[in-house]
Each structure stands twice: as structure tokens, then as C-alpha cells.
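In: give me coordinates for this.
(4 chains)
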2 protein chains.
Amino acid sequence: MDADVRRTVGTVSIRDVATRAGVSPGTISNVLNRPERVAPATRERVLRAISELGFVRHGSASTLRAGHSRTVGLSVMDIGNPFFTDIATGVEEAASELGYAVILGNSAGSRPKEERNLLVLAEQRVRGVLITPTDDDPARLDALRDRGIRVVLLDHPAHRPDQCSVTVNDVTGGWLAVSHLLERGARRIGYLTGPRTLRQCVDRGEGAARAVAAAGLDPDTILDPIETPAMTAKYGQQAAERLLASGRLPEAIFCANDLLAVGMLRGLLQAGVHVPGEVALIGYDDIDFAAASAVSLSSIRQPTHQLGRIATELLLDECDNPDTHAHQQVVFQPELVVRESTGGRRDPQPDEESR
Amino acid sequence: MDADVRRTVGTVSIRDVATRAGVSPGTISNVLNRPERVAPATRERVLRAISELGFVRHGSASTLRAGHSRTVGLSVMDIGNPFFTDIATGVEEAASELGYAVILGNSAGSRPKEERNLLVLAEQRVRGVLITPTDDDPARLDALRDRGIRVVLLDHPAHRPDQCSVTVNDVTGGWLAVSHLLERGARRIGYLTGPRTLRQCVDRGEGAARAVAAAGLDPDTILDPIETPAMTAKYGQQAAERLLASGRLPEAIFCANDLLAVGMLRGLLQAGVHVPGEVALIGYDDIDFAAASAVSLSSIRQPTHQLGRIATELLLDECDNPDTHAHQQVVFQPELVVRESTGGRRDPQPDEESR
DNA sequence: AACATTTGCTAACACGTTTTAATAGATGCA
DNA sequence: TGCATCTATTAAAACGTGTTAGCAAATGTT
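Out: Below is the predicted model of the structure:
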């Protein structure tokens, strides 16, 4: 009867469960949060009442009282990029294993949008935030920390020692890519990059320059940077068109990510340019489709899924074990993958367990 | 002094803002939620206090008291599939425009995982849920509705009139794909499909069969289904290997999505099979990479981004205007895109605004 | 048997916001 | 001036959970 009245409201509270099980609300809370403190018999009774009434804990009430939630925020630069999707998969996986929900924010590379997203996350009182920041400014991240929201940087180095981050060495990546092009004899190399405000683009370019220098050549005459407003296939293709119009095709192009490379490839092929014969091409990220594209793409592989996973584990460790937690700056090393677009075979490593 | 004590706790409450602005907490709430009810002068004062103190509204407290949150849940089957990523982009865009946050859940096609995700969403008291269900069972969706959580189905028809859904006609899609293959002369057609529990797979197969029948042929002898455990490139490639081992290659293959098609294509090319010469191939979804793959893929295009956007707008309209809201079952029509893999040109529609 | 300790549970307050009914002040009308 | 109406604000009561201190009963110790 009383239960029925509540039922019409549509929601079953901890109090309803309590009366049903013949105990006090506090005991229900104990069953949920510290089951060992309650006698097996009553615990059993409470659990039965919970499932009979279809009780679902009110996350907001819980968050409000406990002072922290079971959610983390994930802010990425481009959810349309498989690189970030792979990260997101790793994050979602690790988070849900530990009972956390993930709130997704897509900054689309825009600083104001990133800020709006972070505000939403702050309002939701997420336990922590995983973020691939759009620029180097640590101010808004520090602001989050001051609010008690832990921050782990994804694909961006920490700017302070008491901060976790998970990155892949992009200088090494750029070095690997361009060394490979140089080895294949290229002496005029285009660097198709996204905005220079992105650390990834700068570092990969830096690695490229070092590789040229290490070969005893002059980066300024060998390397020819082409900047695009965003790292998408569309801009890659546009860059190809401009390059073709200029009439000065380089012998090889290092693209700062695979989307740019895919676009560039499409542009070149449409114009009848042979890849790798006339222009060799190498991308970055080794997204799944790199191996499947028109001319299979050489690329720099990153442990993307791991990146998301480990960042999440670090974050949640920091949340759940604040005292034992040791801050870490994890740095992975990237790996060169050679395919057709730089003269390799279509798919050199059929490492699937076929048959 | 009192304010400072609170400051150490790390969080500024509405009460702090109130004392700072010399008004009561209720007024702050009014400024935030019904600004028109408060005099311009005080409103100004309050807003200043808010920014001076760096106040951020506590979402959980708000949700608890107001009875509803400003978040929606999004449950998709495979966040690694660009089809769903595009949907997610549309959802995120529309939601953030209306001031909602998106909680992402990836069911990975697994029913139990989907259920866990829905439980989390119920705990978070999301305002509504956008879901591409893993199967046809309406029970757990009804359970959500009973809890006051609105549900809009994404890429799945509603099973009741008072329920919104946004879909694309998959029977038509299958019909388009196979009609195209028949027109090109194929008389033995493989249908590479995901699990038959997925409505999409069944409907696309149904459309395929109808196309065959409409051509005056017998579907059972023309169409040869191959089922995979999941719609990923990996399983597509495996299917290619099995097909090759069997020695009975069809003249054409209709793949239930582009990931399967990409995998199938990779498998065929590695074995030296010419596409479309020996085997023609058509996929489904027209993901970005379809146009860029080794042999550019013919496909069935869906208005993916729109799907997410419109579903979100329907959901939030249902939430924010419950009385005026009219439930809708929106059905889009898919579109055939012909490329190399069925004998078309690489990229027949360069509709980008180049230059 | 008397006391100390442990175990299992309860009562009551607190978390930060929204909302309702109520109040004080300003304004309009006669 | 007196009364009604309207406007701007407030006080206080929720919302559903977590937590603390404390009580009663059960158990262990001399």
C-alpha cells in the first residue's frame, strides 16, 4: 500500500527496501557499501528485498552525500578519428571493469568547446578526467585539480611531477618515419602537418628534422612543411590538390596522421600520380584502415588501446588509492610499419591466427 | 573567514555565493534557473559573485532535488565502427547544443554488457537513453521507461506507437545492393552477414532476397549466406579465407557492413583474387574509408550523422516538452554508391568544394 | 557472576540544490 | 489615505543516500 504509492512515483528508495527487509535504511547502505559489516542472514534478506523491489541506487544522492561520483570524463580531440576511438575503447573497457561510467566529450580541436565540456564534467563532479588537451595551457587542468577532480593526460606529457600522463614518443615516431623515407632515397620530403599548436605535430616534425640532420643533410632544404587547419582526410585531399597545382611534388611525404595520409593518397591517385613510384607516402597512428587503403599505407604504430587502458587504470588508482598512488609519466615507443606506400609489400605481417 | 574554511574543502556552494552577493540561496537558484524572476540589479550582483568565487553548480544535488538530470545515455554496439562513431558525433553535437552531457556505453554486441551499461545509466538517472539494441527484446527498455527514463531507438524500429525511433530502411538497402549486383550480371551472390540476431542483418538479407525474386530468379539458388560472429574487418577476412579454401567463389558478395567488406577485400586481394573482375563486392554504411580502400568500395549510404542528431533532438524534445511532444518513427531511405569494387570508377562524385 | 570486548544494527544529521508558500515592499486604484 | 495587486525575495522543507556515534545483545575473559 505505502509501497504502491511510492511505486506510482516511479522510483524505489533505500527506505522502501529497508521496510521491506525489516531493517533500517542505514543497514541497506551498509549492505551496498560495506557488506562485511552486516550479518550474512540479514544481508541475504536485504539483497532479496532489493531484487524484489527492483531497487536501483540513486547515483546522484550517493554522489552528493559521498562527495564523489563513479564517473570519469573523457575529452578527446576528434571522435571521428579511429586513433581516438581506439583510445576510447580502452578507456571504456577499463572503466567499466572498475565500475565507472564514462562521460564522453568531443572537443573537435576547439579550445572553447573543450572548455564547455570541462565545465559540464565539473558540474557532474566526475571523479577524474582523461584528456588529450587541444593546447599546452595547464591553467584549466589545474583549475580542475583544485576542485578535487583528478586529471590524467592522454597523449600529452604532464607539465608537473605530481600528475600522471601516458604518451608515445612522437619525436621518435617522426624520426622513424623520415629515416625510413631517407633510406629509400628520398631527398625532398614534404611534411603534411596539422596545426602547429598541437604538440603531436610539432614533436613529429622535430623528429623528422633530427632524422634529416642525423643523415648529415640540412633539414631546411630537405623538409618542406605543409600545414592544414585540422588533421582530417578532407584537408589531406585539399593539400594534395594544392600540391599538384603548384607543380612541385616532393619525392616523399610524411603525414602527421593517417587521416591526412588517406586524403593525400586519394588526391594523388585521382590525379594519376603513382604511389610510391612518383611519391612515397607514410602516415602516423597505423589505424586499421591504413592496411586496407588503395595503396596500403606505411605508418607509425602506437599502442592506442593500451594508451586508453593504462591511462584509465592510473586515473582510477589515483582516485581509489590516493595515498599509495605513485604518479607516473608513462612513455611508450612507437614502431615503424612498412607497407606498399613506401615500397613495401601489401601486408608483410599476417599475424592473425587464420585457420 | 567562514568562506575561507569552506574554501579549504575545495568546493564553493550556492550558499557561499549567496552570502557574498548578500542574498538568499533561493535567489541564486532563481538566477540560475529562472533569471527573469529576479531583478536585473541583483542578477548582476549574483553573476559577479558566481564568477568571483568560481562557483560551479553541483549537478548531483541539482539532479537529486529536481528529479532529473541533464545527461543522456548513448548505448551503441561497436564504438570501433565508424558508422557508430558518426552517430555518436551527431548525438554529442545535438546534446551539447541543448546543454546535455552524453554518457557513452559500448555494448560490443554483448547482451550482458548492454544490460550492465543500462544499469549504470539508470543509476545515473540519465534523462533519456539513445540505444541501438543488440536484440529485439523490448523488456529492458520498458523497464527503463517505467523508471521515467525516456528511450529513443537508434537504427531500430520502435515496437510500440508511443516510442520514438530513427531508422534507415534496411530492406531497401539490401534490395539496392543486390539489384545492382544482378544488373551487373552476377548469378551467384554471397551474402556475408553478421549474427542473425541483429535485425539489420536480417532485413538486409530480406531485401537481397526480394531483389532476386523481383528479377524472376530463385533466392535460394542465387543467394549464399555466410554468417560471422561479429561485423568486424577481422571476421570479414576470416570469411574470405574460408571461402577461398572451399574453392567455390561466388561472382559477387554483398557484405552486411563496410567493415566486413574491407576485411573480405583484404582477404581476396592477398590471395590474388581480382576485384571486381573475379568477384564483385559491395558493402553497407558507406563509411569514409570505403572510398579510400584498396579497391574503392561500392556501398549503401546512410545519413549517419543525421541519424544521431535527429534521434537526440527527438529524445530531448520528449524530455523538455513532454506534453507537446509527438512520438515519431522516422525512417530514412538509403542510397546506392557505386565505386570500383562493382565496376564503377574510383570516385564518381568529387562533390567537395575543392579550391 | 561480573566485567570487557565484539558484533549487528539504528537514529539522526548532513550533502547542495530546487521549490513552495509566505513576507515585505512597491505600485495602482478608488 | 486605505486597500488590493503585483514584484522581488526569503525561509524552510524536501530529494535519497552515506556516515557517525551510540545502543543492545552476544560473546569472551577473569
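
In: show me where chain A has helices.
Out: Applying DSSP state H to chain A gives helices spanning A:2-9, A:14-21, A:25-33, A:40-53, A:59-66, A:82-97, A:111-123, A:139-146, A:170-183, A:199-214, A:219-222, A:233-246, A:258-270, A:304-320.

In: just say which of those helices is most tucked in.
Out: Each of the helices of chain A was scored by mean neighbour count; the highest is helix A:258-270, a mean of 26, by mean count of other CB atoms under 10 Å in any protein chain shown. C-betas here are computed from N, CA, C, even on glycine.

In: just checking, what packs against that one?
Out: On a contact count with 3 or more CB pairs under 8 Å, 6 or more residues apart in numbering or on different chains; DSSP states H and E, helix A:258-270 meets strand A:189-193, helix A:233-246, strand A:252-255, strand A:280-282.

In: so which of those comes closest to chain B?
Out: Chain B lies closest to helix A:233-246 among the helices and strands packed on helix A:258-270, at 5.4 Å (CB to the nearest CB).

In: so does the closest one get close to chain B?
Out: Yes: shown here: helix A:233-246 in contact with chain B (CB under 8 Å from any CB of the partner chain) through A:233-234, A:237-238, A:241.

In: what packs against that helix?
Out: Packing contacts for helix A:233-246, counted by 3+ CB pairs under 8 Å, 6+ apart, involve strand A:189-193, strand A:223-227, helix A:258-270.

In: one step back: for the residues of helix A:233-246 next to chain B, which one is nearest DNA strand C?
Out: residue A:234 (40.8 Å; CB to the nearest atom of the strand).

In: wait, that closest one sits on residue A:263?
Out: Yes: between residue A:234 and residue A:263 a contact is recorded at 6.1 Å, counting by CB atoms under 8 Å.

In: give me the pLDDT value at the residue of the stretch 151-300 of chain A found nearest DNA strand C.
Out: Using CB to the nearest atom of the strand, the single residue of the stretch 151-300 of chain A nearest to DNA strand C is residue A:151, 20.9 Å away. Residue A:151 carries a pLDDT value of 96.

In: okay, now the unreliable bits of the stretch 1-150 of chain A?
Out: Scanning the stretch 1-150 of chain A for pLDDT under 70 picks out A:1-10.

In: interface residues of chain A facing DNA strand D?
Out: Counting by CB under 7 Å from any atom of the strand, chain A comes close to DNA strand D at A:9, A:11, A:13-15, A:25-26, A:28-30, A:32-33, A:55, A:57-58, A:61-62, A:64-66.

In: near chain B, from the residues you listed?
Out: Among the residues of chain A next to DNA strand D, the residues within reach of chain B (CB under 8 Å from any CB) are A:11, A:57-58, A:61, A:64.

In: for residue A:132, give its distance to residue B:215.
Out: Separation of residue A:132 from residue B:215 (CB to CB, to the nearest Å) stands at 51 Å.

In: cool, residue A:171 as well?
Out: Distance, residue A:171 to residue B:215, using CB to CB: 59 Å.

In: cool, and residue A:276?
Out: Residue A:276 sits at a distance of 43 Å from residue B:215 (criterion: CB to CB).

In: these two: who's more crowded?
Out: The residue with more neighbours, out of residue A:276 and residue B:215, is residue A:276; 21 against 14, by other CB atoms under 10 Å in any protein chain shown.

In: and the residue nearest to that one when sequence neighbours are not counted, how far from DNA strand D?
Out: Leaving aside its chain neighbours, residue A:276 sits nearest to residue A:343 (5.0 Å; criterion: CB to CB, 6 or more residues apart in numbering or on different chains). Distance, residue A:343 to DNA strand D, by CB to the nearest atom of the strand, to the nearest Å: 60 Å.

In: what sits against residue A:343?
Out: A:184, A:276, A:280 (CB atoms under 8 Å, 6 or more residues apart in numbering or on different chains).

In: verify the contact between residue A:127 and residue A:71 for me.
Out: Yes: at 6.4 Å, residue A:127 counts as touching residue A:71 under the criterion of CB under 8 Å.

In: which residues are in contact with each of these two?
Out: residue A:100.

In: picking up where we left off before, the residue of the stretch 151-300 of chain A closest to DNA strand C - how many residues pack around it?
Out: Counted with other CB under 10 Å, the neighbours of residue A:151 add up to 25.

In: quick one: contacts of stretch A:113-127?
Out: Here stretch A:113-127 has contacts from A:63, A:68-73, A:75, A:100, A:103, A:105-107, A:129, A:131, A:133-134, A:140, A:144, A:147, A:149-150, A:315-316, A:319, B:56-60, B:71, B:96, B:101, using CB under 8 Å, 6+ apart.

In: let's see that with 6 Å instead.
Out: By CB atoms under 6 Å, 6 or more residues apart in numbering or on different chains, the residues outside stretch A:113-127 that reach it are A:63, A:68-69, A:71-73, A:75, A:105, A:107, A:129, A:134, A:147, A:319, B:56-57, B:59-60, B:101.

In: report the buried members of those.
Out: The neighbour count (16 or more other CB atoms under 10 Å in any protein chain shown) marks A:63, A:69, A:71-73, A:75, A:105, A:107, A:129, A:134, A:319, B:56-57, B:59-60, B:101 as buried among the contacts of stretch A:113-127.

In: those also near DNA strand C: which ones?
Out: residue B:57.

In: so of the buried ones among the contacts of stretch A:113-127, which ones are in strands?
Out: Counted as lying in strands by DSSP state E, out of the buried ones among the contacts of stretch A:113-127, are A:71-73, A:75, A:105, A:129, B:101.

In: and the residues you listed, which is closest to residue A:268?
Out: For these, the residue nearest residue A:268 by CB to CB is residue A:75; the value is 34.0 Å.

In: for residue A:205, which of the helices and strands packed on helix A:233-246 is the nearest?
Out: Closest to residue A:205 of those is strand A:189-193 (CB to CB; 5.8 Å).

In: need the residues that contact the closest one.
Out: A:181, A:201, A:205, A:208, A:222-227, A:239, A:250, A:252-256, A:260.

In: could you rerun that using 7 Å?
Out: The contact list for strand A:189-193, computed with CB atoms under 7 Å, 6 or more residues apart in numbering or on different chains, reads A:178, A:181, A:201, A:205, A:208, A:222-228, A:236, A:239, A:250-256, A:260, A:264.

In: and residue A:14, how far from chain B?
Out: Per CB to the nearest CB, to the nearest Å, residue A:14 is found 13 Å from chain B.

In: I figured that residue hits residue A:28, correct?
Out: Yes: using CB atoms under 7 Å, residue A:14 is in contact with residue A:28, at 4.8 Å.

In: from residue A:339, how far out is residue A:256?
Out: Distance from residue A:256 to residue A:339, by CB to CB: 18 Å.

In: let's have the helices of chain A in CSV, adding distance to residue B:306.
Out: Shown next, in CSV, are those (distance: least, CB to CB, whole Å):
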stretch, distance to residue B:306
helix A:2-9, 37
helix A:14-21, 42
helix A:25-33, 42
helix A:40-53, 41
helix A:59-66, 31
helix A:82-97, 20
helix A:111-123, 21
helix A:139-146, 33
helix A:170-183, 36
helix A:199-214, 31
helix A:219-222, 46
helix A:233-246, 18
helix A:258-270, 22
helix A:304-320, 28
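
In: out of the ones you listed, which is closest to residue B:330?
Out: Among the helices of chain A, the nearest to residue B:330 by CB to CB is helix A:82-97 (26.0 Å).
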